[in-house]
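Asker: Build the 3D model from these lines:
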Amino acid sequence: MFDWDDLRIFLGVARARRLAPAARTLALDATTIGRRLGRLEAALGAPLFETIGGERRLTGRGEALFAHAESMETAAFAALGQAGGDPASLSGHVRLSVAEGFATWVLAPALPDFHARHPDIRLDLVTASGFLNPSRREADMAVMLARPRKGRLMAAKLGDYRLRLYAARAYLAGVAAPARLEDLGRHSLIGYVPEFIYAPELDYLGEIGAGLEPNLRSTSINVQHRLIASGAGIGVLPAFIGDRDPALGPLLDDAVTLRRSFWLVTQSDVRRLARIAAVGRWLRACVQGSATR
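Answerer: Below is the predicted model:
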């Protein structure tokens, strides 16, 4: 018989794929994690991981165990009411995965008020490239650009937002502003690094016109904003960023109509917890109160 807590270690490594980030999440050292995994594999009589390119990938037996271990984890959380106390308590830890631009321009200014009203909720805003996956328990909640199609998740639309072409007024003072979409090819364009576009909804230039490619590229929408504001060229920004910067002016509004949606995605087994509901209400208020449309 194996130690039930070893399944928690197994899930942490399976989700992180590397020992170092798993160790941070589990609050254990890598040596202990390696020993616990070895003990679990010995108890089951089968290897659960193989190492490829420095990553721990699940074997066939590991995949089978992962599905059962997740079910057991969900059942344990349900039995306890929450992962650490009273489900009606406005306290505890919430990890929220969210796009960098939305977090910077919409959520961060509203966070002090949320903290003042809910001082016992510890809220993590995770803005790493690509969204953390609630279905794999990398996050409790995520604000995503598309509704997920699989996983034990609850998804609700938060709202739509508009994107526009922008250039710095200083940039436009020195060049002829584009009058048609075809004119964009004569300008320096700013956008994402194509290989690192983690969601198809971020391929703005490809939607505006075939063959349009950025000359200056960044994985960060905030860096793109600074490039545009500094006069480096023309780029696409969410209106909740571009409209708030008086140094920028919109271009080709009649020809360019880009809209996207925010979806609030939550693990199904934690959605009724008071702290999760409080964060959800705050997110809806942030979207309704921001200039996203």
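Asker: Please enumerate the strands of the protein.
Answerer: 49-52, 55-58, 92-97, 121-126, 141-144, 153-168, 189-191, 216-217, 234-238, 248-251, 258-267 (DSSP state E).
Asker: so where's the stretch 1-150 of the chain shaky on pLDDT?
Answerer: 1, 74, 77-89, 129-137, 150 (pLDDT under 70).
Asker: Out of the strands of the chain, flag the one nearest Ala277.
Answerer: Nearest of the strands of the chain to Ala277, taken as C-beta to C-beta: strand 258-267 at 9.4 Å. Where C-beta positions appear, they are placed from N, C-alpha and C, glycine not excepted.
Asker: Quick check: which of the strands of the chain is buried the most?
Answerer: Neighbour counts (mean count of other C-beta atoms under 10 Å) averaged over each of these peak at strand 234-238, with a mean of 26.
Asker: Give me the domain ranges for the protein.
Answerer: 5-80, 92-155+262-289, 160-260 (automatic domain parsing).
Asker: quick revisit: okay, the strands of the chain in TSV with distance to Ala176 next?
Answerer: Formatted as TSV, the strands of the chain follow (distance: least, C-beta to C-beta, whole Å):
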stretch	distance to Ala176
strand 49-52	53
strand 55-58	50
strand 92-97	42
strand 121-126	41
strand 141-144	39
strand 153-168	11
strand 189-191	15
strand 216-217	20
strand 234-238	12
strand 248-251	12
strand 258-267	23
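Asker: can you tell which of those is closest to Glu70?
Answerer: Nearest to Glu70, of these and by C-beta to C-beta, is strand 258-267 at 10.8 Å.
Asker: avg pLDDT for that closest one?
Answerer: For strand 258-267, the mean pLDDT works out to 90.
Asker: go on, stretch 275-286?
Answerer: 92.
Asker: cool, and stretch 238-250?
Answerer: 95.
Asker: any idea how far Ala20 lies from Arg36?
Answerer: 16 Å (C-beta to C-beta, to the nearest Å).
Asker: and what of Arg244?
Answerer: When Arg244 is compared with Arg36 (using C-beta to C-beta), they lie 49 Å apart.
Asker: Comparing those two, which residue is more hemmed in?
Answerer: Neighbour count, other C-beta atoms under 10 Å: between Arg244 and Arg36, Arg36 has more, with 22 against 15.
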